[in-house]
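Novice: Kindly return the folded structure for what I paste below:
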Amino acid sequence: MILYIKNMVSHSCILVVKGELEKLGIAYTSVKLGEIEVADNLEFGACQKIADSMQQLGFGLLLSRKQILLEKIKTIIIELVHHSEDDLKFRYSDHISSKLNHHYKYLSTLFSKEMGLTIEEYIIAQKIERVKELMAYEDLNLTEIAFKAHYSSASHLSKQFKKITGVSPSDYKKLNMLSLTPIEEVGIAV
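Specialist: So this is what the prediction gives:
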C-alpha cells in the first residue's frame, strides 16, 4: 500500500518521516519524497495515526487522486531543480508527462486550476530559489550557478532572476538579500 504525503521536499524530510513511522510502530517498505510504502494494508486507526502524526510534522496525508497528482508534479519538479545536477537533456513538460503517464495539457490545466499558477511559473520559482541557495551556500560564479540550476546561460539566468526578484543576481548578493523560502512554499501563496 502506498500513502502519498505532501510537503516532503528533501532527504531530511524522508529521515523525519522514517523516524516517526518507527515511533508509531508502522512497518514500511520504503519512504521516498512524497510517498510511504507500507508492507500491508493499514486499518483505519493506523492510517489516522499516520495522518495526525504527519500533520503535526508539517506534512499531510493526501487522499484524493487530484491532490496526489498535484503533489507528484511538484515532487518531480523539486527533484529535478534541487536534487539533480545532471545536464538535463529533455524538456520538463516531456519528463513530467512521461513520469506521470498523463498528457501534459491535462496536467498543466489541472495544476493551473488548483495551484493558481502554471507549471512553468512553478518551475521558474523553484529554479530562482535554487539560484538563491547556491549564491548563499556555494562559492560559485554566475556561469557555474547557471549550469547547476539548469539554465542555458548566465545571461538567461540573470534576465529571469531580475524579472522575478526585481534585482540582478549580483545586486541581490551585494545587498545581502540572501533570504531563502522553504521549498514547499516556493511559488505558492501562503
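Novice: So for the most centrally placed residue in the chain, what's the pLDDT?
Specialist: Nearest to the mean C-alpha position of the chain, counting by C-alpha atoms, centre = their mean, stands residue 78 at 3.0 Å. At residue 78, the predicted lDDT confidence score is 90.
Novice: Also residue 67?
Specialist: So residue 67 comes in at 89 (pLDDT).
Novice: The helix or strand containing it: which residues count as buried?
Specialist: For residue 67, the element it lies in under DSSP states H and E is helix 65-83. Judged by neighbour count (16 or more other C-beta atoms under 10 Å), helix 65-83 contains these buried residues: 68-78, 80-82. Where C-beta positions appear, they are placed from N, C-alpha and C, glycine not excepted.
Novice: closest to residue 11 among those?
Specialist: Looking at the buried residues of helix 65-83 and their distance to residue 11, the nearest is residue 82, at 10.2 Å (C-beta to C-beta).
Novice: Do I have it right that the closest one meets residue 132?
Specialist: No: look at residue 82 against residue 132 with C-beta atoms under 8 Å: they stay out of range, at 11.5 Å.
Novice: Include distance to residue 144 when you put the buried residues of helix 65-83 into TSV, please.
Specialist: Output for the buried residues of helix 65-83, formatted as TSV (distance: C-beta to C-beta, whole Å):
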residue	distance to residue 144
68	36
69	35
70	33
71	31
72	31
73	28
74	27
75	26
76	25
77	22
78	21
80	18
81	16
82	16
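Novice: All the strands of this protein, residue numbers only.
Specialist: 2-6, 28-32, 35-38, 60-62 (DSSP state E).
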